[in-house]
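Student: what would the 3D arrangement of this be:
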Amino acid sequence: MGVFAIGLLAACSAHAQTTVKIWPGAAPGSEHETQQEQVVHGTPVGTVVLDVTTPTLTAYLPEPAKATGTGVIIAPGGYCVALTISLEGEDVARWLQQRGIAAFVLKYRLKEKKQQGIPKNPDMDAACKNGIADAIQAIKLVRQHATQWNISPTRVGILGFSAGGMVASGALLQPDAAARPDFAALIYGAPFGVMPIIPPRLPPVFMAWAQDDDVARAPVVKFYDTLMAAGQKPEVHIYSGGGHGFGMRRQGTSSDHWIDDFDAWLAAQGWTKQPARKTKLGDRATGSS
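Tutor: Predicted coordinates for the structure are as follows:
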């Protein structure tokens, strides 16, 4: 067993927050990146992370008695040049953790932030390419170590917000069907570049957005229409108010309840039902030597 695996298994034996690298070495394609990661606290959208070159997963594991055997990888948004890590990551993870769902906040690679404010007309396919690769690797990693995290390798989903929704959709639509998540949730997120080909027989998909979202509504609706035209039937929740980027923020709008709707959908799909066998849930996991 390699040093990376030993460290991961030891770190994840407890049920506290634990952060691990998702690649055993430098992330492919980022070997020569020189920008330094930055964390900015107290912004209007909470804590924000910039210039990520070393992607990680932070695990929020439920108490064993509460564990449902389901895991959710969370991809925050931020145009793939920033991550709204608290509003669309940590806060969501704690909510899921309290309900017996193992949550993993994905700090995926970002384009270097070279200017203030929101990028003008960004090439989202280029900006999010590495993030999508990180999401695919994160799914693989969680399944490989399902036993240590007390989840089933067949109950691993991904939840993405805004650009994180594009990252999640990239993992969902990848050609390798076996490497796709077991379910995906896109919250005011979708492919924001060239529309990908929709494979047949996708895993279950949950989508939510607000009618007054002037940032993402058009591409999100386009993606929904494309899924429907391809014969998919995503669960869809459209809220009259909430704008873009509501995350876990309480605004007094109907979008405040998106996570309750997501929870109800998970229950209807059977993802929050505790398995009969509460130990060794990851017996079918691979690579957990």
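
Student: neighbouring contacts of the helix or strand hosting Asp134?
Tutor: Here Asp134 sits within helix 129-144, counting by DSSP states H and E. Contacts with helix 129-144, where a contact means CB atoms under 8 Å, 6 or more residues apart in numbering, come from 20, 22-23, 27-30, 55, 57, 71, 73, 75, 80, 104, 106, 108-110, 149, 151, 153, 156, 158, 160, 163-164, 166-168, 170-171, 174, 179-181, 285-288. Quick note: C-beta positions are derived from backbone N, CA and C, even for glycine.

Student: from these, which would you call buried?
Tutor: 20, 22-23, 27, 30, 55, 57, 71, 73, 75, 80, 104, 106, 108-110, 149, 151, 153, 156, 158, 160, 163-164, 166-168, 170-171, 174, 180-181, 285, 288 (16 or more other CB atoms under 10 Å).

Student: if we can go back for a sec, and the helix holding Asp134, C-alpha only, in CSV?
Tutor: Presented in CSV, the C-alpha positions along helix 129-144 are these (Å, rounded to 0.1, in the frame of the first residue of the first chain):
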residue,chain,number,x,y,z
LYS,A,129,-11.9,21.2,-17.9
ASN,A,130,-9.6,20.4,-15.0
GLY,A,131,-12.5,20.7,-12.6
ILE,A,132,-14.4,18.0,-14.5
ALA,A,133,-11.3,15.7,-14.4
ASP,A,134,-11.1,16.3,-10.7
ALA,A,135,-14.8,15.4,-10.2
ILE,A,136,-14.3,12.2,-12.1
GLN,A,137,-11.3,11.3,-10.0
ALA,A,138,-13.1,12.2,-6.8
ILE,A,139,-15.9,9.8,-7.6
LYS,A,140,-13.3,7.1,-8.3
LEU,A,141,-11.5,7.9,-5.0
VAL,A,142,-14.7,7.8,-2.9
ARG,A,143,-15.7,4.4,-4.4
GLN,A,144,-12.2,3.0,-3.8
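
Student: list the buried residues in it.
Tutor: For helix 129-144, a neighbour-count test (16+ other CB under 10 Å) marks 129-139, 141-144 as buried.

Student: just stretch 255-265 next, same as before
Tutor: Ser255, Asp256, His257, Trp258, Ile259, Asp261, Phe262, Asp263, Trp265.

Student: I'd like the distance from that stretch to the chain centre, please.
Tutor: Stretch 255-265 has its C-alpha centroid displaced from the chain centroid by 16 Å (CA atoms, centre = their mean, to the nearest Å).

Student: could you do stretch 79-87 as well?
Tutor: Computed by CA atoms, centre = their mean, the chain-centroid distance of stretch 79-87 equals 12 Å.

Student: distance between the ends of it?
Tutor: Stretch 79-87 has an end-to-end distance of 15 Å (criterion: CA to CA, to the nearest Å).

Student: please work out the average pLDDT along it.
Tutor: In this model, stretch 79-87 carries a mean pLDDT of 97.

Student: so Leu266 versus Ala146, what's the distance?
Tutor: For Leu266, the distance to Ala146 equals 18 Å [CB to CB, to the nearest Å].

Student: same deal with Gln35?
Tutor: 33 Å.

Student: same deal with Met166?
Tutor: 26 Å.

Student: same check on Leu83?
Tutor: For Leu83, the distance to Ala146 equals 25 Å [CB to CB].

Student: ok, Ile85 next?
Tutor: Taken as CB to CB, the span from Ile85 to Ala146 is 25 Å.

Student: which one's more surrounded, the two?
Tutor: Each of Ile85 and Ala146 has its neighbours counted (other CB atoms under 10 Å); Ala146 has more, 27 against 24.
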